[in-house]
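Peer 1: Need a 3D model of the following:
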Amino acid sequence: MGSSHSSNRQLNSHWRSTIASASLLLFGFGLLYWNVLVKLVHDWWFDDNYSHGFLIVPIALYFVWQRRHRLAATPSAPSQIGLVIVAGSVGVLLLGILGSELFLTRISMLGTLVGAVLFLFGWQRLLVLAFPLAFLLLMIPLPALIFNQIAFPLQLLASQAGEVTLRSVDIPVLREGNVLILATTKLEVAEACSGIRSLVSLLTLGIMIGYFTDRRAWVRCLIAISTIPIAVITNGARVAGTGMAAHRFGPAAAEGFFHEFSGWIIFLLAFVLMMALQRIIVRLAPPAASPVALAS
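Peer 2: Okay, the predicted model is just below:
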């Protein structure tokens with residue numbers, strides 16, 4: 001009986017220590033990254049390319065909640081290496097502040113979270129939380145240099161796809177770079193219409209579809225990777241549809257409500273294509289065993 005009470009006291013003392021450490025680290029995290037978080041939320045609110053950022057943290061927390069039983073069953077073995085990672089992440093934060101580089105300040109947040117988990121709970125629990133932590137990467141806007149390197153080729157691909165589709169239905173069109181010249185108007189495939197916006201959102205959606213519909217890592221990766229060609233194809237279809245509408249109804253059809261509404265239709269089409277791909281994979285390569293709760 002005495003040993004049982006002693007064990008309970010030790011367990012309660014351990015949890016109190018863990019909660020105190022976590023609270024202290026959370027407070028320190030808030031102090032360090034308050035300005036970074038404010039600017040990040042500002043970008044989510046005003047930059048349509050990353051408006052999905054508001055959903056990332058709640059979804060990541062749900063992934064953590066799904067792993068609660070695995071976390072409870074995984075032994076805790078705090079590692080001092082976590083403090084080294086936290087210190088390195090704070091160094092990256094300072095470099096980002098001094099160099100006015102938002103991406104560095106934001107990516108350092110994830111390093112700090114990884115280090116904190118490692119310091120409090122150890123390597124095994126960090127592995128359990130690896131996916132939710134990695135998922136948080138999707139909330140961080142890409143550096144402008146990388147973003148532009150992706151957006152411009154997508155503009156050209158969408159323009160080419162639109163040109164080929166319009167020619168295939170006997171609509172005369174001339175393409176100059178990312179500009180489609182029709183008989184009655186010109187259509188410029190701007191950065192906002194390049195598909196980069198739908199690509200970022202579709203990648204997030206593809207990861208979630210793969211996660212909830214199949215336990216096999218290769219299937220999840222394939223569905224996530226498929227978002228790239230699906231985004232290119234559907235955005236090319238949107239450009240072609242806009243060109244057809246402009247040819248049939250005049251330049252006004254390429255702007256305003258139709259243009260915005262077509263974006264939602266194309267996104268829905270992309271979602272349907274991803275779900276169809278998942279069903280095809282399951283039909284061609286069914287899981288070896290009957291599915292269980294997808295908590296991995």
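Peer 1: Going by C-alpha atoms from here, please, whenever you check contacts or count neighbours.
Peer 2: Fine.
Peer 1: Run a quick neighbour tally on residue 216.
Peer 2: 13 (other Cα atoms under 10 Å).
Peer 1: and what of the one 4 residues further on?
Peer 2: In terms of burial, residue 220 registers 21 neighbours under the definition other Cα under 10 Å.
Peer 1: so it sits right up against residue 212, yeah?
Peer 2: No. Counting by Cα atoms under 8 Å, residue 220 does not reach residue 212; the two are 9.1 Å apart.
Peer 1: low-scoring pLDDT stretches of the stretch 51-200 of the chain, where are they?
Peer 2: 190-198 (pLDDT under 70).
Peer 1: What segments of it are strands?
Peer 2: Shown for the stretch 51-200 of the chain, the strands assigned by DSSP state E, counting those that start in this stretch span residues 174-176, 179-181, 186-188.
Peer 1: care to break this structure down by domain?
Peer 2: For the chain, the structural domains run 2-137, 147-284, going by automatic domain parsing.
Peer 1: Can you identify each of the helices in the stretch 1-150 of the chain by residue range?
Peer 2: Ranges of helices within the stretch 1-150 of the chain are 2-46, 53-66, 68-73, 81-98, 102-121, 123-128, 130-135, 144-168, based on DSSP state H, counting those that start in this stretch.
Peer 1: do the stretch 151-296 of the chain as well
Peer 2: Going by DSSP H, counting those that start in this stretch, the stretch 151-296 of the chain shows helices at 196-213, 217-249, 256-284.
Peer 1: what residues does stretch 83-91 touch?
Peer 2: Contacts to stretch 83-91, defined as Cα atoms under 8 Å, 6 or more residues apart in numbering, come from residues 108-109, 111-116, 119.
Peer 1: same check, this time on stretch 174-192
Peer 2: 151-152, 155-156, 158-160, 163, 172-173, 239, 243, 246-247, 250-251, 254.
Peer 1: before we move on, the earlier item: out of the contacts of stretch 83-91, which is most surrounded?
Peer 2: residue 116 (27 neighbours).
Peer 1: Do I have it right that that one meets residue 25?
Peer 2: Yes. Look at residue 116 against residue 25 with Cα under 8 Å: they come within range, at 7.3 Å.
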